[in-house]
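Chemist: Sequence first, then the predicted structure:
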Amino acid sequence: MHQTRSLTDKILLFIKGLSMGAANKVPGVSGGIVAFVVGFYEEFIYSLQKINLKAFKLLLGGRFRSFYRYVNGPFLSILILGMLFSYFSVSKLLDYFLERKELYVWACFFGMIIGSIYYISKDFAHWNKKTLPVGLLGLLVGVSISFLSPARENDNLVFIFFCGIISVSGMTLPGLSGSFILILLGNYVLLLVDSVNALYDTLAEWVQGDFSFVHNQERLDTLLILAVFTAGSAAGLVTLSHLLGYVLKHFKHLTTAVIIGFITGSLGVVWPWKRTLFMTDVAGQQVVDSNGNPIIVNYQRYLPDMGQAENWWALLMIGVGLALLILLEWYGKNRMKHA
């Protein structure tokens, strides 16, 4: 799995990290799909598996260079750097477009996921009496998750740690959106908006030599929540990667069948034509959480009226999403030819 990478490879890996980070933040889209389609999913899981007891012994023994090589550091560090950078750049750009051109963003992602299903299933020639039932099970689970109603926000630190473990599922399990799971758990705004913004503001103040945030209890509480969430995410990455590594090694065809079914079922999450339904009180007023954010209860999906120009543009964006996947496939094939 370890390989020497050129500068071009490193830049491309950083871009893949950007894409993975942006996908992880968008509800309904899985960063694991990016890894799966672009072709570094198995190396990603393999590298995370190397964070084990031997790795910690190397680290505690002060053998940092050996630790870095053992965990495939050149690969993981660039990829994770891209994902982190994404949260303060690409993901903010996505937030901007989701706020102003939401239909087109969802349409593009819908096209990308259709392309992902095609990409993963086109060479899968192992449908049989074992893989078909688990594929259907994955489909049913994906559809069921699409129609669940979100819970209320919960800032209990034990629950926040659990949210961290669950949220990284989108990085390790193609088709399962960690962000959408956080919406269902009620903590998407708290953990991926408020906490990230608090960290961004704190870093900006720190660079300017302003340390007044140490007297801002609300900011400190939010940063603590982010720290616990990050710890849970790290724990989830390592534990899930070991489980997935075992499953991929011993049940590869069954796993692929489940992934195909699950991604297909999750199309309902990113269906472009939907309205957000918010919780209301008896007077019909929107109910907000402790931070003043409206509480989402579900989404109302509908068929597009093709008499409206924006829906034709949305169809075009679905085509753009498909084209992006075709380009990724073309890139992957050419990389293999010249490897």
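Modeler: The structure has been received and is ready for your questions. Since this is a predicted model, take the numbers as computed values, not measurements. Residues are numbered from 1 along each chain as shown.

Chemist: Let me see the mean pLDDT of the helix or strand where Ile33 lies.
Modeler: Per DSSP states H and E, Ile33 falls inside helix 31-38. What helix 31-38 shows for mean pLDDT is 76.

Chemist: Alpha carbons only: can I get that helix in PDB?
Modeler: C-alpha atoms of helix 31-38 as PDB (Å, rounded to 0.1, in the frame of the first residue of the first chain):
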ATOM      1  CA  GLY A  31     -17.200  11.200   2.000                       C
ATOM      2  CA  GLY A  32     -16.700   7.500   1.800                       C
ATOM      3  CA  ILE A  33     -18.300   7.600  -1.700                       C
ATOM      4  CA  VAL A  34     -15.500  10.000  -2.800                       C
ATOM      5  CA  ALA A  35     -12.900   7.600  -1.500                       C
ATOM      6  CA  PHE A  36     -14.600   4.600  -3.100                       C
ATOM      7  CA  VAL A  37     -15.100   6.100  -6.500                       C
ATOM      8  CA  VAL A  38     -11.700   7.900  -6.800                       C
END
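
Chemist: Who are the packing partners of that helix?
Modeler: helix 7-25, helix 41-49, helix 102-121, helix 169-172, helix 309-338 (3 or more CB pairs under 8 Å, 6 or more residues apart in numbering; DSSP states H and E). C-beta here means a position set from N, CA and C on the backbone, and glycine is covered the same way.

Chemist: Tell me which of the ones you listed lies nearest to Leu237.
Modeler: Nearest to Leu237 among these is helix 41-49; the distance by CB to CB comes to 5.7 Å.

Chemist: what stretches of the stretch 51-200 of the chain score poorly on pLDDT?
Modeler: Applying pLDDT under 70 to the stretch 51-200 of the chain picks out residues 90-92, 95, 149-150, 175-176.

Chemist: surely Leu173 meets Gly32?
Modeler: Yes: between Leu173 and Gly32 there is a contact under CB atoms under 8 Å: 5.3 Å.

Chemist: With neighbour numbers in mind, choose between the two.
Modeler: Shown here are Leu173 and Gly32; by other CB atoms under 10 Å, Gly32 has more neighbours (29 against 22).

Chemist: Can you give me the neighbour number for the closest residue to that one other than its chain neighbours?
Modeler: Leaving aside its sequence neighbours, Gly32 sits nearest to Pro174 (CB to CB, 6 or more residues apart in numbering; 3.9 Å). Counted by other CB under 10 Å, the residues lying close to Pro174 total 25.

Chemist: And the strands in the stretch 151-300 of the chain?
Modeler: Counting by DSSP state E, counting those that start in this stretch, the stretch 151-300 of the chain has strands at residues 274-278, 296-301.

Chemist: got the angle for the lengthiest helix in the chain vs helix 41-49?
Modeler: Ordering each helix of the chain by length in residues (DSSP state H) puts helix 217-250 first. Helix 217-250 and helix 41-49 are oriented at 120 degrees to each other (axes from the mean of the first three to the mean of the last three CA atoms, to 10 degrees).

Chemist: What residues of helix 217-250 count as buried?
Modeler: Residues of helix 217-250 classed as buried: 219, 222-223, 225-226, 228-230, 232-233, 236-238, 240-241, 244-245 (neighbour count, 16 or more other CB atoms under 10 Å).
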